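**Q** Below are the sequence and a predicted model for it; my questions follow.
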Amino acid sequence: MAKDPVRVLVTGAAGQIGYAIVPMIARGAMLGPDQPVILHMLDIEPAAESLNGVKMELIDAAFPLLRGVVATTDVHEACKGVNIAVMVGGFPRKEGMERKDVMSKNVSIYKAQASALEKNAAADVKVLVVANPANTNALILKEFAPSIPEKNITCLTRLDHNRALGQISEKLNVHVGDVKNVIIWGNHSSTQYPDVNHATVTTSGGEKPVRELVANDQWLNTEFITTVQQRGAAIIKARKLSSALSAASSACDHIRDWVLGTPKGSWVSMGVYSDGSYGIQPGLVYSFPVTCEKGQWSIVQGKFELGAHC
Ligand SMILES: NC(=O)c1ccc[n+]([C@@H]2O[C@H](COP(=O)([O-])OP(=O)(O)OC[C@H]3O[C@@H](n4cnc5c(N)ncnc54)[C@H](O)[C@@H]3O)[C@@H](O)[C@H]2O)c1
Ligand SMILES: O=C(O)C[C@H](O)C(=O)O
(Lines give C-alpha, C1' and ligand atoms only; values in the text may rest on other atoms or scores of the structure.)
(Ligands and ions follow the chains in the order given, each with its own letter.)
Protein backbone atom coordinates (compact mmCIF):
# COMPACT_ATOMS: atom_id res chain seq x y z
CA MET A 1 0.00 0.00 0.00
CA ALA A 2 1.28 3.49 -0.87
CA LYS A 3 2.55 5.46 2.13
CA ASP A 4 0.92 8.72 3.23
CA PRO A 5 3.11 11.74 2.46
CA VAL A 6 5.37 13.13 5.21
CA ARG A 7 5.49 16.92 5.58
CA VAL A 8 9.06 18.23 5.68
CA LEU A 9 9.82 21.85 6.59
CA VAL A 10 13.01 23.54 5.37
CA THR A 11 13.56 27.05 6.73
CA GLY A 12 15.89 29.38 4.85
CA ALA A 13 14.89 27.41 1.77
CA ALA A 14 15.89 30.16 -0.68
CA GLY A 15 19.49 30.03 0.61
CA GLN A 16 22.41 27.88 -0.46
CA ILE A 17 21.74 24.84 1.73
CA GLY A 18 18.02 25.17 1.02
CA TYR A 19 18.63 25.04 -2.72
CA ALA A 20 20.84 21.96 -2.31
CA ILE A 21 18.61 20.04 0.10
CA VAL A 22 15.12 20.37 -1.36
CA PRO A 23 15.86 18.24 -4.45
CA MET A 24 17.56 15.65 -2.24
CA ILE A 25 14.43 15.41 -0.08
CA ALA A 26 12.17 15.29 -3.14
CA ARG A 27 14.27 12.42 -4.57
CA GLY A 28 13.99 10.31 -1.42
CA ALA A 29 17.52 10.83 -0.07
CA MET A 30 16.14 11.80 3.33
CA LEU A 31 13.18 9.48 3.94
CA GLY A 32 13.66 6.69 1.43
CA PRO A 33 12.73 5.93 -2.18
CA ASP A 34 9.16 4.86 -1.35
CA GLN A 35 8.22 7.75 0.94
CA PRO A 36 6.17 10.56 -0.66
CA VAL A 37 6.82 14.03 0.76
CA ILE A 38 5.17 17.44 0.90
CA LEU A 39 7.82 20.16 1.11
CA HIS A 40 7.17 23.24 3.25
CA MET A 41 9.66 25.99 2.43
CA LEU A 42 10.04 29.12 4.57
CA ASP A 43 12.11 32.21 3.95
CA ILE A 44 11.84 35.90 4.77
CA GLU A 45 10.03 38.57 2.74
CA PRO A 46 13.12 39.91 0.86
CA ALA A 47 13.72 36.36 -0.42
CA ALA A 48 10.08 35.70 -1.41
CA GLU A 49 10.63 35.95 -5.16
CA SER A 50 13.67 33.73 -5.06
CA LEU A 51 11.76 31.22 -2.90
CA ASN A 52 9.02 31.15 -5.52
CA GLY A 53 11.71 30.44 -8.15
CA VAL A 54 12.81 27.38 -6.13
CA LYS A 55 9.18 26.22 -6.06
CA MET A 56 8.97 26.64 -9.85
CA GLU A 57 12.10 24.51 -10.28
CA LEU A 58 10.74 21.79 -8.00
CA ILE A 59 7.62 21.61 -10.18
CA ASP A 60 9.75 21.59 -13.34
CA ALA A 61 11.88 18.70 -12.03
CA ALA A 62 8.75 16.48 -11.88
CA PHE A 63 9.85 14.46 -8.83
CA PRO A 64 7.50 11.46 -8.53
CA LEU A 65 7.75 11.46 -4.69
CA LEU A 66 6.88 15.15 -4.37
CA ARG A 67 3.18 15.44 -3.55
CA GLY A 68 3.01 19.17 -2.82
CA VAL A 69 5.01 22.33 -2.15
CA VAL A 70 4.18 25.10 0.32
CA ALA A 71 6.43 28.15 -0.24
CA THR A 72 5.75 30.94 2.20
CA THR A 73 7.13 33.79 4.30
CA ASP A 74 4.53 33.11 7.02
CA VAL A 75 6.20 31.02 9.73
CA HIS A 76 2.87 29.70 11.06
CA GLU A 77 1.73 28.53 7.61
CA ALA A 78 5.17 26.97 7.05
CA CYS A 79 5.04 24.97 10.29
CA LYS A 80 1.46 23.69 9.86
CA GLY A 81 1.33 19.93 10.39
CA VAL A 82 5.03 19.32 9.70
CA ASN A 83 6.49 15.95 10.75
CA ILE A 84 10.15 16.85 10.13
CA ALA A 85 11.64 20.33 10.51
CA VAL A 86 15.08 21.15 9.11
CA MET A 87 16.01 24.55 10.50
CA VAL A 88 18.49 26.15 8.10
CA GLY A 89 17.20 29.75 8.16
CA GLY A 90 19.72 32.24 9.53
CA PHE A 91 22.95 33.92 8.59
CA PRO A 92 26.22 32.15 7.76
CA ARG A 93 29.59 33.41 9.02
CA LYS A 94 32.09 34.97 6.65
CA GLU A 95 35.84 34.41 6.38
CA GLY A 96 37.67 35.21 9.63
CA MET A 97 34.58 34.80 11.87
CA GLU A 98 33.86 32.04 14.38
CA ARG A 99 30.40 30.40 14.30
CA LYS A 100 29.51 32.02 17.61
CA ASP A 101 29.90 35.45 15.95
CA VAL A 102 26.50 34.98 14.23
CA MET A 103 24.89 34.15 17.56
CA SER A 104 23.09 37.45 18.23
CA LYS A 105 21.45 37.49 14.77
CA ASN A 106 20.48 33.83 14.68
CA VAL A 107 19.40 33.12 18.24
CA SER A 108 16.47 35.58 18.07
CA ILE A 109 15.19 33.74 14.97
CA TYR A 110 15.05 30.50 16.96
CA LYS A 111 13.02 31.98 19.81
CA ALA A 112 10.31 33.07 17.35
CA GLN A 113 10.36 29.86 15.34
CA ALA A 114 10.16 27.68 18.47
CA SER A 115 6.72 28.98 19.32
CA ALA A 116 5.52 28.67 15.70
CA LEU A 117 6.65 25.04 15.65
CA GLU A 118 5.07 24.36 19.03
CA LYS A 119 1.70 25.78 17.93
CA ASN A 120 1.55 24.31 14.44
CA ALA A 121 3.76 21.26 13.93
CA ALA A 122 2.71 17.62 14.43
CA ALA A 123 2.98 16.68 18.13
CA ASP A 124 5.79 14.22 17.35
CA VAL A 125 7.72 16.54 15.00
CA LYS A 126 11.43 15.70 14.70
CA VAL A 127 13.58 18.84 14.56
CA LEU A 128 17.10 19.19 13.15
CA VAL A 129 18.85 22.54 13.66
CA VAL A 130 21.49 23.30 11.02
CA ALA A 131 21.90 27.09 11.33
CA ASN A 132 24.84 28.24 13.42
CA PRO A 133 25.61 28.24 16.24
CA ALA A 134 23.74 24.96 15.86
CA ASN A 135 23.99 23.61 19.44
CA THR A 136 22.91 26.95 20.94
CA ASN A 137 20.04 27.42 18.49
CA ALA A 138 18.80 23.90 19.32
CA LEU A 139 19.01 24.68 23.03
CA ILE A 140 17.01 27.91 22.50
CA LEU A 141 14.42 25.98 20.50
CA LYS A 142 14.17 23.38 23.26
CA GLU A 143 13.68 26.09 25.92
CA PHE A 144 11.07 28.03 23.91
CA ALA A 145 9.10 25.02 22.64
CA PRO A 146 8.66 23.08 25.90
CA SER A 147 5.81 20.93 24.58
CA ILE A 148 8.03 19.39 21.88
CA PRO A 149 9.70 16.35 23.52
CA GLU A 150 13.37 17.19 24.19
CA LYS A 151 14.41 13.95 22.47
CA ASN A 152 12.89 15.39 19.28
CA ILE A 153 15.18 18.45 19.10
CA THR A 154 18.64 17.79 17.67
CA CYS A 155 21.42 19.63 15.88
CA LEU A 156 23.72 18.74 13.01
CA THR A 157 27.17 17.33 13.75
CA ARG A 158 26.83 14.67 11.07
CA LEU A 159 28.73 16.93 8.68
CA ASP A 160 31.73 16.84 11.06
CA HIS A 161 31.27 13.06 11.40
CA ASN A 162 31.24 12.66 7.60
CA ARG A 163 34.28 14.94 7.29
CA ALA A 164 36.15 12.67 9.72
CA LEU A 165 35.19 9.58 7.66
CA GLY A 166 36.34 11.40 4.52
CA GLN A 167 39.75 12.30 5.98
CA ILE A 168 40.39 8.68 7.07
CA SER A 169 39.29 7.34 3.70
CA GLU A 170 41.64 9.75 1.89
CA LYS A 171 44.56 8.92 4.21
CA LEU A 172 44.18 5.14 3.82
CA ASN A 173 42.96 5.22 0.21
CA VAL A 174 39.94 3.09 1.16
CA HIS A 175 36.29 3.53 0.22
CA VAL A 176 34.58 5.93 2.60
CA GLY A 177 31.70 3.45 2.94
CA ASP A 178 34.12 0.99 4.56
CA VAL A 179 35.07 3.41 7.38
CA LYS A 180 32.76 3.63 10.39
CA ASN A 181 32.31 4.54 14.03
CA VAL A 182 34.20 7.79 14.31
CA ILE A 183 32.72 10.03 17.01
CA ILE A 184 32.26 13.79 17.16
CA TRP A 185 32.09 14.93 20.78
CA GLY A 186 30.85 18.38 21.78
CA ASN A 187 29.74 21.37 19.75
CA HIS A 188 29.62 22.04 16.05
CA SER A 189 32.49 24.49 16.56
CA SER A 190 36.27 24.50 16.56
CA THR A 191 36.18 23.10 20.13
CA GLN A 192 34.71 19.76 18.98
CA TYR A 193 36.73 16.56 19.47
CA PRO A 194 36.79 14.19 16.46
CA ASP A 195 37.62 10.78 17.98
CA VAL A 196 38.88 7.77 15.98
CA ASN A 197 39.65 5.57 18.97
CA HIS A 198 36.80 3.15 18.17
CA ALA A 199 36.71 3.67 14.40
CA THR A 200 37.27 0.71 12.07
CA VAL A 201 37.74 -0.07 8.39
CA THR A 202 36.17 -3.11 6.75
CA THR A 203 38.95 -4.92 4.87
CA SER A 204 39.15 -8.28 3.09
CA GLY A 205 40.64 -9.59 6.36
CA GLY A 206 37.73 -8.31 8.50
CA GLU A 207 37.26 -5.11 10.52
CA LYS A 208 40.54 -3.41 11.51
CA PRO A 209 41.04 -0.46 13.91
CA VAL A 210 41.73 2.85 12.18
CA ARG A 211 44.65 3.54 14.57
CA GLU A 212 46.32 0.27 13.56
CA LEU A 213 45.86 0.89 9.81
CA VAL A 214 46.93 4.53 9.87
CA ALA A 215 49.90 3.63 12.09
CA ASN A 216 50.63 7.31 12.63
CA ASP A 217 49.35 8.52 16.01
CA GLN A 218 51.09 11.85 15.52
CA TRP A 219 48.91 12.58 12.47
CA LEU A 220 45.72 11.23 14.11
CA ASN A 221 46.30 13.26 17.27
CA THR A 222 47.11 16.56 15.55
CA GLU A 223 46.53 17.27 11.85
CA PHE A 224 43.51 14.97 11.50
CA ILE A 225 41.77 16.68 14.44
CA THR A 226 42.47 20.24 13.36
CA THR A 227 41.52 19.49 9.74
CA VAL A 228 38.06 18.30 10.84
CA GLN A 229 37.67 21.12 13.38
CA GLN A 230 38.64 23.78 10.80
CA ARG A 231 37.04 22.28 7.69
CA GLY A 232 34.11 24.73 7.70
CA ALA A 233 36.56 27.66 7.69
CA ALA A 234 38.64 26.02 4.93
CA ILE A 235 35.52 25.69 2.74
CA ILE A 236 34.62 29.35 3.35
CA LYS A 237 38.16 30.39 2.40
CA ALA A 238 38.02 28.34 -0.81
CA ARG A 239 34.43 29.05 -1.90
CA LYS A 240 33.89 32.45 -0.27
CA LEU A 241 30.67 30.80 0.84
CA SER A 242 30.05 28.25 3.55
CA SER A 243 29.56 24.56 2.85
CA ALA A 244 26.21 23.78 1.26
CA LEU A 245 26.09 20.49 -0.67
CA SER A 246 27.90 18.60 2.10
CA ALA A 247 25.73 20.25 4.77
CA ALA A 248 22.56 19.35 2.84
CA SER A 249 23.68 15.77 2.26
CA SER A 250 24.69 15.32 5.91
CA ALA A 251 21.33 16.73 7.08
CA CYS A 252 19.63 14.07 4.92
CA ASP A 253 21.89 11.40 6.50
CA HIS A 254 21.00 12.65 10.00
CA ILE A 255 17.23 12.47 9.46
CA ARG A 256 17.39 9.21 7.44
CA ASP A 257 19.28 7.37 10.17
CA TRP A 258 17.08 8.87 12.92
CA VAL A 259 13.85 7.84 11.17
CA LEU A 260 14.90 4.60 9.44
CA GLY A 261 17.60 3.42 11.89
CA THR A 262 21.39 3.03 11.95
CA PRO A 263 22.91 -0.13 10.44
CA LYS A 264 23.70 -2.92 12.93
CA GLY A 265 27.10 -2.41 14.55
CA SER A 266 27.38 1.24 13.48
CA TRP A 267 26.79 4.50 15.22
CA VAL A 268 26.61 8.10 14.03
CA SER A 269 27.17 11.48 15.69
CA MET A 270 24.17 13.65 16.55
CA GLY A 271 23.82 16.78 18.65
CA VAL A 272 21.22 15.73 21.23
CA TYR A 273 20.20 16.87 24.70
CA SER A 274 22.49 15.44 27.35
CA ASP A 275 21.01 13.05 29.92
CA GLY A 276 24.26 13.33 31.91
CA SER A 277 26.05 10.57 29.94
CA TYR A 278 29.85 10.89 29.92
CA GLY A 279 29.61 13.57 32.64
CA ILE A 280 28.11 16.17 30.28
CA GLN A 281 25.78 18.59 32.06
CA PRO A 282 22.20 17.36 31.65
CA GLY A 283 20.06 19.49 29.32
CA LEU A 284 22.93 20.79 27.15
CA VAL A 285 22.74 19.98 23.43
CA TYR A 286 25.97 18.06 22.81
CA SER A 287 27.26 15.72 20.11
CA PHE A 288 27.46 12.07 21.19
CA PRO A 289 27.74 8.73 19.39
CA VAL A 290 24.18 7.43 18.93
CA THR A 291 22.38 4.47 17.46
CA CYS A 292 18.83 4.85 16.17
CA GLU A 293 15.98 2.37 16.08
CA LYS A 294 12.23 2.81 15.48
CA GLY A 295 12.61 6.59 15.22
CA GLN A 296 14.45 6.99 18.56
CA TRP A 297 18.12 7.75 19.19
CA SER A 298 20.10 6.35 22.14
CA ILE A 299 23.53 7.45 23.29
CA VAL A 300 26.15 4.69 22.89
CA GLN A 301 27.64 4.05 26.31
CA GLY A 302 31.16 3.01 27.38
CA LYS A 303 33.13 4.68 24.56
CA PHE A 304 34.86 7.29 26.70
CA GLU A 305 38.59 7.27 27.17
CA LEU A 306 39.46 9.41 30.12
CA GLY A 307 40.73 12.82 29.09
CA ALA A 308 40.18 12.09 25.40
CA HIS A 309 37.77 14.94 24.75
CA CYS A 310 38.39 17.32 27.64
N1 LIG B 1 25.59 22.68 11.29
C2 LIG B 1 26.28 22.63 10.17
O3 LIG B 1 26.99 21.64 9.93
C4 LIG B 1 26.21 23.72 9.15
C5 LIG B 1 26.83 23.56 7.89
C6 LIG B 1 26.77 24.56 6.95
C7 LIG B 1 26.09 25.75 7.25
N8 LIG B 1 25.50 25.90 8.46
C9 LIG B 1 24.72 27.11 8.78
O10 LIG B 1 23.46 27.04 8.12
C11 LIG B 1 22.94 28.35 7.96
C12 LIG B 1 22.48 28.58 6.52
O13 LIG B 1 23.58 28.55 5.65
P14 LIG B 1 23.40 28.92 4.10
O15 LIG B 1 24.74 28.80 3.50
O16 LIG B 1 22.24 28.19 3.50
O17 LIG B 1 23.05 30.49 4.23
P18 LIG B 1 22.30 31.41 3.17
O19 LIG B 1 22.55 32.81 3.59
O20 LIG B 1 22.62 31.00 1.77
O21 LIG B 1 20.77 31.03 3.41
C22 LIG B 1 20.12 31.30 4.61
C23 LIG B 1 18.68 31.62 4.29
O24 LIG B 1 18.00 31.84 5.52
C25 LIG B 1 17.07 32.88 5.29
N26 LIG B 1 16.61 33.44 6.56
C27 LIG B 1 17.16 34.41 7.31
N28 LIG B 1 16.39 34.67 8.38
C29 LIG B 1 15.34 33.82 8.31
C30 LIG B 1 14.19 33.62 9.10
N31 LIG B 1 13.95 34.34 10.19
N32 LIG B 1 13.31 32.68 8.71
C33 LIG B 1 13.50 31.94 7.60
N34 LIG B 1 14.55 32.12 6.78
C35 LIG B 1 15.46 33.04 7.14
C36 LIG B 1 17.82 33.88 4.39
O37 LIG B 1 16.92 34.76 3.74
C38 LIG B 1 18.52 32.91 3.44
O39 LIG B 1 17.72 32.63 2.30
C40 LIG B 1 24.06 29.30 8.41
O41 LIG B 1 23.82 29.68 9.76
C42 LIG B 1 25.30 28.43 8.31
O43 LIG B 1 26.34 28.87 9.14
C44 LIG B 1 25.56 24.92 9.40
O1 LIG C 1 31.82 26.74 9.15
C2 LIG C 1 30.74 27.32 8.94
O3 LIG C 1 30.50 28.47 9.33
C4 LIG C 1 29.68 26.62 8.15
C5 LIG C 1 29.39 25.28 8.69
O6 LIG C 1 29.15 25.30 10.06
C7 LIG C 1 30.45 24.27 8.33
O8 LIG C 1 30.93 23.57 9.21
O9 LIG C 1 30.78 24.15 7.13
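**A** Happy to help now that I have it. Ligands and ions are numbered 1, 2, ... in the order given.

**Q** Pull up the residues of the protein that are close to ligand 2.
**A** Counting by Cβ under 6 Å from any ligand atom, the positions of the chain adjacent to ligand 2 are 92-93, 99, 132, 159, 232-233, 235, 242-243. For glycine as for every other residue, the C-beta is placed from the backbone atoms N, C-alpha and C.

**Q** Can you tell me which of those residues is nearest Ile184?
**A** Leu159 (9.1 Å; Cβ to Cβ).

**Q** Report the spatially closest residue to His161, excluding sequence-adjacent ones.
**A** Leaving aside its chain neighbours, His161 sits nearest to Ser269 (4.0 Å; criterion: Cβ to Cβ, 6 or more residues apart in numbering).

**Q** Show me the subset of the residues of the chain next to ligand 2 that also lies near ligand 1.
**A** 92-93, 132, 159, 242-243.

**Q** ok, Ala62 to Ala121 distance?
**A** Separation of Ala62 from Ala121 (Cβ to Cβ, to the nearest Å): 28 Å.

**Q** Who has more neighbours out of the two?
**A** Neighbours per residue (other Cβ atoms under 10 Å) separate Ala62 from Ala121, with Ala121 holding more: 26 against 8.

**Q** For Gly81, see how far away the more buried one is.
**A** 7 Å.

**Q** and if you look at Val259?
**A** Per Cβ to Cβ, Val259 is found 17 Å from Gly81.

**Q** so what's the residue nearest to His161 up against?
**A** Going by Cβ atoms under 8 Å, 6 or more residues apart in numbering, Ser269 touches 157-158, 160-161, 182-184, 287-290.

**Q** and the gap between it and Ser277?
**A** 14 Å.

**Q** any common contacting residues for those two?
**A** Phe288.

**Q** Any idea which residue of this protein lies closest to ligand 2?
**A** As assessed by Cβ to the nearest ligand atom, ligand 2 sits closest to Gly232 within the chain, at 2.2 Å.

**Q** doesn't the residue nearest to His161 fall inside a helix?
**A** No - per DSSP: H, G, I helix; E, B strand; the rest coil, Ser269 lies outside any helix segment and is strand.

**Q** Show the model's pLDDT score for it.
**A** Ser269 is assigned a pLDDT of 98 by the prediction.

**Q** ditto for Leu306
**A** On pLDDT, Leu306 comes in at 39.

**Q** Give me the mean pLDDT for the biggest strand by length in the chain.
**A** When the chain is parsed with DSSP state E, its longest strand is strand 285-293. Mean pLDDT, strand 285-293: 98.

**Q** same check, this time on stretch 177-186
**A** For stretch 177-186, mean pLDDT is 98.

**Q** in it, what's buried?
**A** For stretch 177-186, the buried set under the neighbour-count rule, 16 or more other Cβ atoms under 10 Å, comprises 179-186.

**Q** ranges for the strands of the stretch 151-300 of the chain?
**A** Ranges of strands within the stretch 151-300 of the chain are 153-155, 179-180, 183-185, 193-195, 200-203, 206-209, 268-273, 285-293, 296-299, based on DSSP state E, counting those that start in this stretch.

**Q** no wait, the stretch 1-150 of the chain
**A** 6-11, 37-42, 66-72, 84-87, 126-129.

**Q** what's the second one packed up against?
**A** Spelled out, it's strand 37-42. strand 6-11, helix 16-26, helix 48-60, strand 66-72, helix 75-79 (3 or more Cβ pairs under 8 Å, 6 or more residues apart in numbering; DSSP states H and E).

**Q** same check, this time on the fourth one
**A** Using 3+ Cβ pairs under 8 Å, 6+ apart as the contact test, the elements touching strand 84-87 are strand 6-11, helix 103-120, strand 126-129, helix 245-260.

**Q** mean pLDDT lowest for which of these?
**A** Comparing mean pLDDT across the helices and strands packed on strand 84-87, the weakest is helix 103-120, with a mean of 89.

**Q** Show residues contacting it.
**A** Helix 103-120 is touched from outside by 11, 75-76, 78-82, 85, 87, 89-91, 125, 127, 129, 131-133, 136-137, 140-148, with contacts defined as Cβ under 8 Å, 6+ apart.
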